[in-house]
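> What follows is a predicted structure for the sequence shown.
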Amino acid sequence: GLEAEAPLVELEPDDKEPEKQRSGLLSGSEDGGIRFWDQGRCLQTLDGHTGAVHALVVNWESLEAVSGADDSSKLWSLKFGGCIRTMSD
């Protein structure tokens, strides 16, 4: 299967703008991809790790995420759909 044991992070609804409310999550997978899901559909895939994603944390205000895998840690922009910075040994 694609989904690894990386944590899933829930997107909390925006109480200030009810018309924009949604529930979603970000998942890390064994194939090194990071996927943003909303209502059961994958809206975006971020590729860059060469192995399974083991850790994942999101700042929903800035729409940035940090992922960790054996090869590196990466800072992602969910807004622009790409890697901002890679950190490795």
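That came in fine, so what should we check first?
> Taking the centroid of the chain, which residue is nearest it?
When C-alpha atoms, centre = their mean is applied to the chain, the residue found nearest the centroid is residue 26 (4.2 Å).
> Give the residue spans of this protein that score low on pLDDT.
1-23 (pLDDT under 70).
> What ranges does this protein have for its strands?
9-11, 24-28, 34-38, 41-46, 53-59, 64-69, 73-77, 82-87 (DSSP state E).
> next one: the second one to chain centre, how far?
Relative to the centre of its chain, strand 24-28 is centred 5 Å away, using C-alpha atoms, centre = their mean, to the nearest Å.
> Over to the third one?
In this view, strand 34-38 has its centroid 6 Å away from the chain centroid, taken as C-alpha atoms, centre = their mean.
> That strand pairs with which strands?
strand 24-28 (antiparallel), strand 41-46 (antiparallel) (DSSP bridges).
> And these: which comes nearest residue 53?
strand 24-28 (2.8 Å; C-beta to C-beta). Placement of C-beta: from N, CA and C, glycine included.
> Please identify the buried residues of that closest one?
Residues of strand 24-28 classed as buried: 24, 26, 27, 28 (neighbour count, 16 or more other C-beta atoms under 10 Å).
> closest to residue 67 out of the strands paired with strand 34-38?
strand 24-28 (5.9 Å).
> Tell me what angle the closest one forms with strand 64-69.
Following axes from the mean of the first three to the mean of the last three C-alpha atoms, to 10 degrees, one obtains 30 degrees for the angle between strand 24-28 and strand 64-69.
> what angle do strand 24-28 and strand 53-59 make?
Going by the same axes, to 10 degrees, strand 24-28 makes 150 degrees with strand 53-59.
> angle of strand 24-28 against strand 73-77?
Going by the same axes, to 10 degrees, strand 24-28 makes 150 degrees with strand 73-77.
> Can you show me the CA trace of strand 24-28 as PDB?
Listed next in PDB are the C-alpha coordinates belonging to strand 24-28 (Å, rounded to 0.1, in the frame of the first residue of the first chain):
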ATOM      1  CA  GLY A  24      -8.700  17.700   4.900                       C
ATOM      2  CA  LEU A  25      -5.500  16.000   5.800                       C
ATOM      3  CA  LEU A  26      -2.000  15.700   4.700                       C
ATOM      4  CA  SER A  27      -0.400  12.200   4.500                       C
ATOM      5  CA  GLY A  28       3.100  10.900   4.000                       C
END
